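Visitor: For reference, the sequence and a predicted model appear below.
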Amino acid sequence: MKTHLQPANPNEQSDTLLVFLPGAYLKPDEFEREGFIAAVRERHLAADALLVDADVSYYYEQTLSERLHTEVIEPQRARGYKSIWLVGISIGGFGALIHELARPGSVDGIVALAPYLGRRVLGAEIRKAGGLRAWQAPTGPQADEEPDRKLWPFFQQYLDAKPSKNLPPLYLGFGLDDRFASNHKLLADALPPGRVFTIEGGHDWPQWRQLWRNVLDVLPLPAIGRSRQPATQPAAAAPQPTRATPWAIAA
């Protein structure tokens, strides 16, 4: 995989690395064009950014998880990064999640913005059962080996009162009119309200850009210097994040 590093400080490496996975047919440099890297710098965060050219063909060939681990995660750990977060948009969010399925505990956190979460038929089955809290994953041989069959049981781990320490914190953001929103709401119900962010609109950069800024304001990332400093943009100039809460999710 081709990668491009954007350091927080050109003179030294940070301990934290944000690995950005683009959506289908999107280019990794679009994260820079759309202000994702600028948002990190505005907040004076001591986190380097790595833009990854994760081609959509890797998903079709089901090689994404292995390539991401051997060509990105392991080499960056070897370079000395102590904390690695995956940040994925659309199918890139799906990639971050299925990587965690394949390599549990190999990253320290995940941000999934408008992620593809698998086929709608599985989501419909979960909704019919009463949601992720009530749904029982089928046992025995399955009709196929598609990764989304393992994804929903994985999400149920976030419902545990005391999740495993190896389970990375998961932050979810999506537009309320996103074409995948029905599945997003199912996942949102498994996460703490403070880790779920919603916004008006659909599946496009304006929504992803604002969601990233909203999520970034609360991510437990180190700051340059002793304390985390606020973004240079005045708070009043930016719309407040709309966080999904149980009543909003059920609506």
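Guide: Okay, I see it. Every value quoted in this text rests on a predicted model; they were computed, and no experiment measured them.

Visitor: By mean pLDDT, which helix or strand of the protein comes out lowest?
Guide: Using mean pLDDT, DSSP states H and E, the weakest-scoring helix or strand in the chain turns out to be helix 246-250, at a mean of 29.

Visitor: Can you show me the strands along the stretch 51-200 of the chain?
Guide: 83-89, 109-113, 170-175, 196-199 (DSSP state E, counting those that start in this stretch).

Visitor: For the helix or strand harbouring P206, give me every contacting residue.
Guide: With secondary structure defined by DSSP states H and E, P206 is part of helix 205-216. Outside helix 205-216, the residues that touch it by C-beta atoms under 8 Å, 6 or more residues apart in numbering are 30, 34-36, 39-40, 43, 45, 87, 89, 111, 113-114, 171, 173-175, 178, 197, 199-201, 231, 238-239, 241. Heads up, the C-betas are built off the backbone N, CA and C, glycines and all.

Visitor: and these, which are buried?
Guide: Listed as buried from the contacts of helix 205-216 are 30, 34-36, 39-40, 43, 45, 87, 89, 111, 113-114, 171, 173-175, 178, 197, 199, 201, 231, 241; burial here means 16 or more other C-beta atoms under 10 Å.

Visitor: what about stretch 73-91, how long is it end to end?
Guide: 18 Å (C-alpha to C-alpha, to the nearest Å).

Visitor: Just the mean pLDDT for it, thanks.
Guide: Stretch 73-91 shows a mean pLDDT of 97.

Visitor: Just the buried residues of that stretch, please?
Guide: So stretch 73-91, judged by 16+ other C-beta under 10 Å, has buried residues 73, 76, 81, 83-91.

Visitor: Likewise for stretch 45-56?
Guide: Buried-residue list, stretch 45-56, by 16+ other C-beta under 10 Å: 45-52, 54-56.

Visitor: Just the CA trace of it, in CSV.
Guide: Extracted in CSV, the C-alpha atoms of stretch 45-56 (Å, rounded to 0.1, in the frame of the first residue of the first chain):
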residue,chain,number,x,y,z
LEU,A,45,-2.6,17.6,18.7
ALA,A,46,0.6,15.6,18.9
ALA,A,47,-0.6,13.1,16.4
ASP,A,48,1.0,12.3,13.0
ALA,A,49,-1.3,11.4,10.1
LEU,A,50,-0.7,8.6,7.6
LEU,A,51,-2.8,8.7,4.4
VAL,A,52,-3.2,5.2,3.0
ASP,A,53,-4.1,4.3,-0.6
ALA,A,54,-6.4,1.4,0.3
ASP,A,55,-7.8,0.6,-3.1
VAL,A,56,-11.3,-0.7,-3.3
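
Visitor: mind checking pLDDT for G140?
Guide: 69.

Visitor: follow-up on the earlier one: so for L26, which of the strands of the stretch 51-200 of the chain sits nearest?
Guide: strand 83-89 (7.3 Å; C-beta to C-beta).

Visitor: Need the contact partners of the closest one.
Guide: Against strand 83-89 from outside (C-beta under 8 Å, 6+ apart): 15-23, 26, 36, 47, 73, 76-77, 94-97, 99-100, 107-115, 208, 212, 219, 221.

Visitor: repeat that with 7 Å
Guide: 15-23, 73, 76, 95-96, 99, 107-115, 208 (C-beta atoms under 7 Å, 6 or more residues apart in numbering).

Visitor: Narrow these to those in helices?
Guide: Applying DSSP state H to the contacts of strand 83-89, the entries found in helices are 76, 95-96, 99, 208.

Visitor: Throw the strands of the stretch 51-200 of the chain into JSON lines and include distance to E145, thanks.
Guide: Formatted as JSON lines, the strands of the stretch 51-200 of the chain follow (distance: least, C-beta to C-beta, whole Å):
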{"stretch": "strand 83-89", "distance to E145": "22"}
{"stretch": "strand 109-113", "distance to E145": "22"}
{"stretch": "strand 170-175", "distance to E145": "24"}
{"stretch": "strand 196-199", "distance to E145": "29"}
